[in-house]
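>>> sequence plus predicted model, see below.
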Amino acid sequence: NAGVTQTPKFQVLKTGQSMTLQCAQDMNHNSMYWYRQDPGMGLRLIYYSASEGTTDKGEVPNGYNVSRLNKREFSLRLESAAPSQTSVYFCASSEWTGGPVEQFFGPGTRLTVL
Amino acid sequence: DAKTTQPPSMDCAEGRAANLPCNHSTISGNEYVYWYRQIHSQGPQYIIHGLKNNETNEMASLIITEDRKSSTLILPHATLRDTAVYYCIVRGTLGTYKYIFGTGTRLKVLA
């Protein structure tokens, strides 16, 4: 099992450019999440998808859109990148069992916006 | 979800127990305590979780006070590879599924 995979690993954009970060999981999890982590900070939730077909905003959704393409894949799109979006982006997934839930994280995408 | 408070940094000698405290005085009855760690900018890694009883697994032990307002993560024999940022998170099981990460405790294990 690969777990949670993210592409690309690194990306440099110019202000105003757009891009999509890809995330896939092979654990048959229902729920998926996108976080961002700025230097010296904890992770902040951008968007999440509790199950296939649903998405909801997290703490910091402005400037982002998401698509839950199928059960495996959850993408994050920056329509018009800004320097404030320079960050490390982590995707995560979890089951929904009705009880306590462990999240599994991907390795991250390091994004720089110039 | 309840807010947590952790010391920003701690040091521990290699081979000794590392005790990482967390305060969650506003925790409610159905909320679990989770611990994750993040090694050098990798994705966070799950360590352990508990509700009110003490828990132990191959990585660590979790001690939750009787009033559940605080907890301690114990790494019994810290190694250099345990150097990481440790996050204490409190969340329930109902409603949304999100975690709220704080800034964690930066543990440095010293040789």
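Arrived safely.
>>> helices of chain A, start to end?
Counting by DSSP state H, chain A has no helices to list.
>>> any idea how far B:R106 is from whichever residue of chain B sits closest to chain A?
Closest contact between chain B and chain A, by C-beta to the nearest C-beta, is at B:G43 (3.2 Å). C-beta: built from backbone N, CA, C; applies to glycine. Distance, B:G43 to B:R106, using C-beta to C-beta, to the nearest Å: 17 Å.
>>> these two - which one has more neighbours?
More neighbours surround B:G43 than the other of B:G43 and B:R106, with 23 against 17 (other C-beta atoms under 10 Å in any protein chain shown).
>>> find the nearest non-adjacent residue to the more buried one, please.
A:F105 (3.2 Å; C-beta to C-beta, 6 or more residues apart in numbering or on different chains).
>>> what sits against that neighbour?
Residues near A:F105 by C-beta atoms under 8 Å, 6 or more residues apart in numbering or on different chains: A:V4, A:F90, A:C91, A:A92, B:G43, B:P44, B:Q45.
>>> can you list those in a markdown table and add distance to B:C88 and pLDDT?
Shown next, in a markdown table, are these (distance: C-beta to C-beta, whole Å; pLDDT from 0 to 100):
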| residue | distance to B:C88 | pLDDT |
| --- | --- | --- |
| A:V4 | 22 | 97 |
| A:F90 | 18 | 97 |
| A:C91 | 22 | 97 |
| A:A92 | 17 | 94 |
| B:G43 | 18 | 94 |
| B:P44 | 12 | 94 |
| B:Q45 | 14 | 95 |
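>>> any idea what the residue of chain A found nearest chain B is bridged to?
Relative to chain B, the nearest point of chain A is A:F105 (3.2 Å; C-beta to the nearest C-beta). For A:F105, the beta-bridge partners are A:A92 (DSSP bridges).
>>> for beta bridges, what are the partners of the most centrally placed residue in chain A?
Taking C-alpha atoms, centre = their mean, the centroid of chain A lies closest to A:W34, which sits 2.7 Å from it. When bridges are called by DSSP bridges, A:W34 pairs up with A:Y47, A:C91.
>>> in this structure it contacts A:Y48, no?
Yes: counting by C-beta atoms under 8 Å, A:Y48 is a contact partner of A:W34 at 7.2 Å.
>>> next, show the common contact partners of the two.
A:G58.
>>> for the contacts of A:F105, which one is nearest A:S84?
Of all the contacts of A:F105, A:S84 sits closest to A:F90, with 17.7 Å by C-beta to C-beta.
>>> residues contacting that closest one?
Contacts for A:F90 (C-beta under 8 Å, 6+ apart) come out as A:Q6, A:W34, A:Y35, A:R36, A:Q37, A:L43, A:F105, A:G106, A:G108, A:T109, B:G43, B:P44.
>>> redo those as TSV? Include distance to B:L51.
Shown next, in TSV, are the contacts of A:F90 (distance: C-beta to C-beta, whole Å):
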residue	distance to B:L51
A:Q6	32
A:W34	28
A:Y35	24
A:R36	30
A:Q37	28
A:L43	23
A:F105	23
A:G106	28
A:G108	30
A:T109	34
B:G43	25
B:P44	21
